[in-house]
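# Sequence below, structure please.
(one chain, ligands or ions: 2)
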Amino acid sequence: MLKRPVLRHESLSDKIHRFRGVLLIISVPLLLITFLIVLMPASTPSQSLQEYRNRKVPSDLRSPKSYAVIFDAGSSGSRVHVFCFDQHLDLVPIGKDLELFLQTNRGLSEYASNPRDAANSLVSLLDRAQSVVPKDLRPKTPVRVGATAGLRALGGDASNRILQAVRDLLKHRSTLKSEPNGVAVIDGTQEGSYQWVTINYLLGNLGKEYSNTVGVVDLGGGSVQMAYAISDADAANAPRISDGEDTYVKEMFLMGTKYYLYVHSYLHYGLLASRAEILKVSEDSINPCILVGYHGSYKYGGVEYPASASPSGSNVDECMRVASNALKVNESTCMHMKCTFGGVWNGGGGDGQKNLFVASFFFDRAAEAGFADPNVPIAKVHPREFREAAKRACETKLVNAKAAYPRVKEENLPFLCMDLVYQYTLLVEGFGLDPWQEITLVKQVKYRNALVEAAWPLGSAIEAVSALT
Ligand SMILES: O=c1[nH]cnc2c1ncn2[C@@H]1O[C@H](COP(=O)(O)OP(=O)(O)O)[C@@H](O)[C@H]1O
Ligand SMILES: [Ca+2]
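Ligands and ions are numbered 1, 2, ... in the order given. Below is the predicted model:
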């Protein structure tokens, strides 16, 4: 035991001399720890997921449950997902469901000139999300806000001011744990790879060989992503990219397995953005994709495009020609072995792409057009069904459209032929799929007898939670 110091003035060197034994005992382990920290490689989030699954953490050292709150600030609406994981990184119920999922139908980018209103549009989602996380776990529960194509396209100052207002909101209105870069525009590559993780996690594919995983396509309002696992050899031969471009191949460690993911996101080619691209390439305001009887305009990203039907009505073949021009399928030069569209490498295909899970607007429009059952979360279809449905829609007059398509929202009716043609053209001419190949349209995936949204936030939650230990 240390002796009580006597009350007298000692010089620093006297003190060091007197406590040299203690100092030696303390400094040796400290030096050792410092040495280890310096030598340890910085772990990436995906590495930590592998470590998380492989490491045995004594259960008394960690709370048995970890929550994650993920906001998806999409171009056409904001959503919040709350997940709860056990120690094995399996989802456990929150109430009677496996996730809390809520949404608004106005994206943050629609409040471009008013960052405070943008942030306030998340208040009700935040309050509900926070209320399902037990109070004592809130300060340990990561909260992320990932903004996608809407803020990506808005860019610059306006986007930064909105993100800052959202950070302020989280700080003042919640006790959840903010991460340093937790409120941000996520890049398309991240969005695509999270979507791949979500679907393959829910299907129980993580940890299997790459050839037993499924590929994903996610058609949002502003952008569309494709992601699938490729072989080591294909990854090694992937085209080099120049500065400023997104890399094509992302390396991920998941459940003890290393994957090479081919990922690409096409900004301006989401379903709502594509309407603007299609209207831009038709010579005048007359467009062969618009239902006869419509004379008006289409507003996207703060710009208004004149949009009117041709007197002879919409026509599936002519509309396909315009859609194909909008995709620049044949126009741009392909510098790689094979391209999708716009000069983008196609990833080489292979086993990781043979099974495709196609999400978001593909499912919605197929259900609205009547060839996917809206009450079942998954539908197996063929790309040609989009063309067949398009043909029927293109032949419909606007006056009859409401009765023929009761599920379609009023504002989308004039564009139904355009949307279905675009979806077919994107799959077949853009991504090069065989019109007769079976694909799976997916809204939700069944996981332990409950349904979970087939969207990227779960992939982000898995990453956030695995980085906690
Ligand atoms: O959690 C989800 N579950 C099911 N569908 C979703 C979810 N999140 C987004 N979607 C689909 O994506 C469409 C809109 O895309 P979003 O607004 O996210 O555009 P973005 O991804 O281009 O930013 C929605 O209409 C819906 O079909
Ligand atoms: Ca989205």
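# Near ligand 2, which residues of the protein are found?
Proximity of the chain to ligand 2 (Cβ under 5 Å from the ion) is limited to residues 74, 220. Every C-beta, even on glycine, is put in place using the N, C-alpha and C of the backbone.
# dump the residue contacts of the residue in the stretch 301-450 of the chain positioned nearest to ligand 1.
Across the stretch 301-450 of the chain, no residue is closer to ligand 1 than Ser360, which sits at 3.4 Å (Cβ to the nearest ligand atom). Residues near Ser360 by Cβ atoms under 8 Å, 6 or more residues apart in numbering: 218-220, 455.
# Could you find the closest non-adjacent residue to it?
Spatial nearest neighbour of Ser360, excluding adjacent residues (Cβ to Cβ, 6 or more residues apart in numbering): Leu219 at 4.9 Å.
# Run through the residues that contact that neighbour.
Leu219 makes contacts with 270-271, 358-362, 423, 426, as judged by Cβ under 8 Å, 6+ apart.
# same check, this time on Ala455
Ala455 sits next to 72, 79, 81, 195, 198, 218, 359-360 when contact means Cβ under 8 Å, 6+ apart.
# Quickly list the domain ranges of this protein.
Using the TED database, the domain parsing of the chain gives 66-186+450-467, 267-437.
# closest to Ile241 out of those domains?
Smallest distance to Ile241 across those (Cβ to Cβ): 8.9 Å, for domain 267-437.
# the helices in the stretch 101-250 of the chain, which residues?
115-120, 123-131, 149-154, 156-173, 188-202, 232-236 (DSSP state H, counting those that start in this stretch).
# mind checking which of the ones you listed is nearest Trp436?
Among the helices of the stretch 101-250 of the chain, helix 188-202 sits nearest to Trp436 (Cβ to Cβ), with 23.0 Å.
# Would you indicate which residues of that closest one are buried?
188-202 (16 or more other Cβ atoms under 10 Å).
# How many residues are close by Glu331?
For Glu331, the neighbour count with other Cβ atoms under 10 Å is 11.
# so what's it scoring on pLDDT?
Glu331 carries a pLDDT value of 72.
# three-state assignment of it?
coil (DSSP: H, G, I helix; E, B strand; the rest coil).
# what's the answer for the one 3 residues further on, then?
Classification of Cys334 by three-state DSSP places it in coil.
# who are the neighbours in contact with it?
Neighbouring residues of Cys334 by Cβ under 8 Å, 6+ apart: Gly343.
# Now do it against Val217, distance only.
Separation of Cys334 from Val217 (Cβ to Cβ, to the nearest Å): 20 Å.
# Could I get the full set of helices for the stretch 351-469 of the chain?
Secondary structure of the stretch 351-469 of the chain (DSSP H, counting those that start in this stretch): helices located at 361-369, 383-394, 398-404, 416-425, 457-466.
# Just say which of those helices is most tucked in.
Among the helices of the stretch 351-469 of the chain, helix 416-425 has the highest mean neighbour count (mean count of other Cβ atoms under 10 Å), at a mean of 28.
# Run through the residues that contact the residue lying closest to Tyr228 once chain neighbours are set aside.
Counting by Cβ to Cβ, 6+ apart, Tyr228 lies nearest to Gly215, which is 3.1 Å off, once chain neighbours are set aside. Contact analysis of Gly215 by Cβ under 8 Å, 6+ apart lists 196, 226-229, 352-357.
# again, but for Leu122
Leu122 touches 71, 78, 80, 104, 145, 166, 169, counting by Cβ under 8 Å, 6+ apart.
# and what of Thr333?
Contacts here follow Cβ under 8 Å, 6+ apart; on that basis Thr333 touches Gly343.
# Could you tell me how far it is located from Gly342?
Distance check for Thr333 against Gly342: by Cβ to Cβ, it reads 10 Å.
# Check Leu272 too.
Leu272 is 18 Å from Gly342, by Cβ to Cβ.
# And for Leu137?
From Leu137 to Gly342 the distance is 45 Å (Cβ to Cβ).
# and what of Ala455?
25 Å.
# At which residues are the strands of the stretch 201-350 of the chain located?
Per DSSP state E, counting those that start in this stretch, the stretch 201-350 of the chain carries strands over the ranges 215-219, 223-230, 249-254, 257-267, 286-287, 295-300, 303-309.
# Phe362 contacts Val217, doesn't it?
Yes. Applying Cβ atoms under 8 Å as the test, Phe362 and Val217 come out as touching, 7.1 Å apart.
# just to revisit the earlier point, now the helices of the stretch 101-250 of the chain in a markdown table, please, with extra columns for mean pLDDT and distance to Leu398.
Below are those laid out as a markdown table (pLDDT from 0 to 100; distance: least, Cβ to Cβ, whole Å):
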| stretch | mean pLDDT | distance to Leu398 |
| --- | --- | --- |
| helix 115-120 | 98 | 34 |
| helix 123-131 | 98 | 35 |
| helix 149-154 | 91 | 28 |
| helix 156-173 | 96 | 35 |
| helix 188-202 | 97 | 34 |
| helix 232-236 | 94 | 47 |
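# Which one, of those, ends up nearest to Ser282?
Nearest to Ser282 among those is helix 149-154; the distance by Cβ to Cβ comes to 21.4 Å.
# is any part of that closest one close to ligand 1?
Yes. Judged by Cβ under 6 Å from any ligand atom, helix 149-154 comes into contact with ligand 1 through 149-150.
# same question, stretch 193-206
No. If you take Cβ under 6 Å from any ligand atom as the test, stretch 193-206 misses ligand 1, and the best it gets is 9.5 Å.
# What lies in contact with that stretch?
186, 212-216, 218, 225, 227-229, 250, 252, 254-255, 257, 261, 263, 357, 359, 442, 445-447, 452, 454-460, 462-463.
# Then stretch 145-159?
In contact with stretch 145-159 (Cβ under 8 Å, 6+ apart) are residues 70-76, 107-110, 112-113, 115, 122, 162-163, 166, 170, 182-188, 190-191, 220-223, 267-268, 270, 273, 301, 456-457, 460.
# Of the residues you listed, select the buried ones using a PyMOL command.
Burial among these is assessed by 16+ other Cβ under 10 Å; the matching PyMOL selection reads:
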select buried, resi 70+71+72+73+74+75+76+107+108+109+110+112+115+122+162+163+166+170+182+183+184+185+186+187+188+190+191+220+221+222+223+268+270+273+301+456+457+460
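# The contacts of stretch 145-159: which ones sit near ligand 1?
72, 74-76, 107, 220-223, 270.
# closest to Ser174 among these?
The shortest gap between Ser174 and any of these belongs to Asp72, at 17.0 Å (Cβ to Cβ).
# Quickly note the distance from Ile94 to Val452.
11 Å.
# just Ser174 next, same as before
24 Å.
# about what we covered before: among the contacts of Ser360, give me the pair with the biggest separation.
Leu219 and Ala455 (12.0 Å).
# For ligand 2, give me its nearest residue in the stretch 51-200 of the chain.
Among the residues of the stretch 51-200 of the chain, Gly74 lies closest to ligand 2, at 4.2 Å counting by Cβ to the ion.
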